[in-house]
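Trainee: build me a model:
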Amino acid sequence: MPSWTGYERSRERFGRVVDGDGVHLILEDGRRVIDGTNTGAPLGHRHPEIVDAMQQAVRAPIVHEAWNWIDRDEAVEDIAEIAFGGEREWLGGVRFCLSGSEANDLALSLAQAITGRQALATRERAYHGGVGLSRDVTVQPQWHGGLSWERGGIDPAPRTVPVVRLPAPGGERIGPVPSGPQRDARALDDAAGDLNAVAAAIVDYTQGAVYDSAAYQDRLADIARGAGALWIADEVVTGFGRTGRWFSFQVGAERPDIVTLGKGIGAGAAPAGAVAISRSLAQRIEGSTWQTAGTFRGHPLTVAAIRAHLRVLRRDRLVDRAATLDHTMFRLLSELASSHPSIRRIDGRGLHWSIELHGTDWRTWRGDTSGEPLATRVSARALEHGALIQTSGEDGMLVLAPPLISTEHDLEHLIEAVHHGLALADAEHGAG
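Mentor: Predicted structure coming up:
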């Protein structure tokens, strides 16, 4: 019996994964397909240095995070020196956890404790996780944490705190709406009063297919600071180079109070997350004890995976590589957009891109229909052509996130498969 996820209806047609090798997944029927889905595996599958690090880590002691452990401390030093090398003066401390969802939950609860406020702010279409406060600030309609029934009913999980929704930055790199930095800043000005009672405003940089905007970020930082709220940069997807920078917040001039990390920081070899706080925030809470603990936070497997990942990123200059491959992806996806009338917009950075299709508006999609989403059917057809691509669970959103070790040839193969899948969407768009 397979593990129960609630997604079996759409996944049964994709077959089962039995192995992985580099940028490829290997399916039960023997096919090797490009893995274009996996922000959790930035170095691909079975990377030899990650495998070696994990084999050594199983011999390490299991030390509760309340006790000092030398390897864990050295992992923090690696994060400070390598990942935050250009931001070393900003960094005030790092605390490990098990996932991005947990990191966001911890960061938000810390903000509540510091400010004495309960309410939180997030931007339109945000996704921050499915645990505790991270679920509260996840406002994509289909990820409410409850149940969506094929019969057309929805049983959402209720939020535990008030949540303010801020307008998201607009525009896309490939599509009819150009970026508008001043427009983005003005939209936030209209919402400034809503931040006066919130503990923190949290911003993600890709999860909702909405990407970074320097003007938006810097204006939000200014408004939050003036309102007495903290600003949290959710870098769970984007941290460690996914978009061609070590962190997406580096696009702007302002710096957050807290940065959250997860997904790929452990190269997919172990569950990993972290909360990094600024030096000024560390000084603000100096003399206090953060009253939260986790038995397996900073586990030897997590620590080893993060340290090995950082070594590979630095030696192979993979962050710079993601920035270079941004140009390749932009070229390939521009050609894709000109070939397929079903495409509404494309946006992305580095090696994380989203393709939105014409059709059902994401604002009304709840996952509560018996029909298979168009995006799922496009993904299934792309698999026939040798690549697995991700959807966000909606009718019309595709997500491309190939490993940072991908070659130009790998990316060309990936986009060829997307071309193949979109023929189905074009036919339905034309028929409509």
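Trainee: where does the chain have low pLDDT?
Mentor: Judged by pLDDT under 70, the chain has its weakly predicted residues at 1-12, 432.
Trainee: what residue is smack in the middle of it?
Mentor: Centroid-nearest residue in the chain: Val237, 2.7 Å away (criterion: CA atoms, centre = their mean).
Trainee: that one: what's it in contact with?
Mentor: Counting by CB atoms under 8 Å, 6 or more residues apart in numbering, Val237 touches Thr39, Gly100, Asp204, Tyr205, Thr206, Gln207, Lys263, Gly264, His352, Ala401. C-beta here means a position set from N, CA and C on the backbone, and glycine is covered the same way.
Trainee: scan the residues you listed and report the most crowded one.
Mentor: Neighbour tally across the contacts of Val237 (other CB atoms under 10 Å): the maximum, 32 neighbours, falls on Gly100.
Trainee: relative to Gly130, how far out is it?
Mentor: 10 Å (CB to CB, to the nearest Å).
Trainee: what sits against Ala103?
Mentor: By CB under 8 Å, 6+ apart, Ala103 lies in contact with Cys97, Val236, Thr260, Leu261, Gly262, Gly273, Ala274, Val275.
Trainee: phi, psi of it?
Mentor: Main-chain dihedrals, Ala103, degrees, to the nearest 10: phi -60, psi -40.
Trainee: can you tell me which of the contacts of Ala103 is nearest Gly252?
Mentor: Gly252 has its nearest neighbour among those in Thr260, at 17.2 Å by CB to CB.
Trainee: doesn't Glu49 make contact with Ala308?
Mentor: Yes: Ala308 is within contact range of Glu49, at 5.4 Å (criterion: CB atoms under 8 Å).
Trainee: what about the closest residue to Arg284 other than its chain neighbours, neighbour count?
Mentor: In space, and not counting its chain neighbours, Arg284 is closest to Ile114: 7.1 Å by CB to CB, 6 or more residues apart in numbering. Ile114: 17 surrounding residues under other CB under 10 Å.
Trainee: what helix or strand does Ile114 sit in?
Mentor: helix 100-115 (DSSP states H and E).
Trainee: can I get that helix in CSV, CA atoms only?
Mentor: Coordinates of each C-alpha in helix 100-115 appear next as CSV, following Å, rounded to 0.1, in the frame of the first residue of the first chain:
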residue,chain,number,x,y,z
GLY,A,100,11.2,25.6,6.1
SER,A,101,7.7,25.4,7.5
GLU,A,102,9.1,25.1,11.0
ALA,A,103,11.6,27.9,10.4
ASN,A,104,8.8,30.2,9.4
ASP,A,105,6.7,29.2,12.4
LEU,A,106,9.6,29.8,14.7
ALA,A,107,10.4,33.2,13.1
LEU,A,108,6.8,34.4,13.3
SER,A,109,6.3,33.3,16.9
LEU,A,110,9.6,35.0,17.8
ALA,A,111,8.3,38.2,16.2
GLN,A,112,5.1,37.9,18.3
ALA,A,113,7.1,37.5,21.5
ILE,A,114,9.4,40.5,20.7
THR,A,115,6.6,42.9,19.7
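Trainee: how about that helix: buried residues?
Mentor: Within helix 100-115, the residues scored as buried using 16 or more other CB atoms under 10 Å are 100-112, 114-115.
Trainee: with stretch 141-151 instead?
Mentor: For stretch 141-151, using 16+ other CB under 10 Å, the buried residues are Pro141, Gln142, Trp143, His144, Ser148.
Trainee: thought Thr260 was touching Ala274?
Mentor: Yes: Thr260 lies in contact with Ala274 (CB under 8 Å); the separation is 7.4 Å.
Trainee: quick one: residues in contact with the lengthiest helix in the chain.
Mentor: If you go by DSSP state H, the chain has its longest helix at helix 408-431. Helix 408-431 has contacts (CB under 8 Å, 6+ apart) with 23, 34, 36, 325, 328-329, 332-333, 335-336, 339-343, 355, 357-359, 374, 377-387, 389, 398, 400, 402, 406.
Trainee: just the buried members of these?
Mentor: Using 16+ other CB under 10 Å as the burial test, the contacts of helix 408-431 include 23, 34, 36, 325, 328-329, 332-333, 336, 340, 342-343, 355, 357-359, 374, 377-383, 385-387, 389, 398, 400, 402, 406 as buried.
Trainee: list the contacts for Gln112?
Mentor: Residues near Gln112 by CB under 8 Å, 6+ apart: Gln118, Leu120, Leu133, Ala199, Ala200.
Trainee: strands - which of those residues land there?
Mentor: Mapping the contacts of Gln112 onto strands (DSSP state E) picks out Leu120, Ala199, Ala200.
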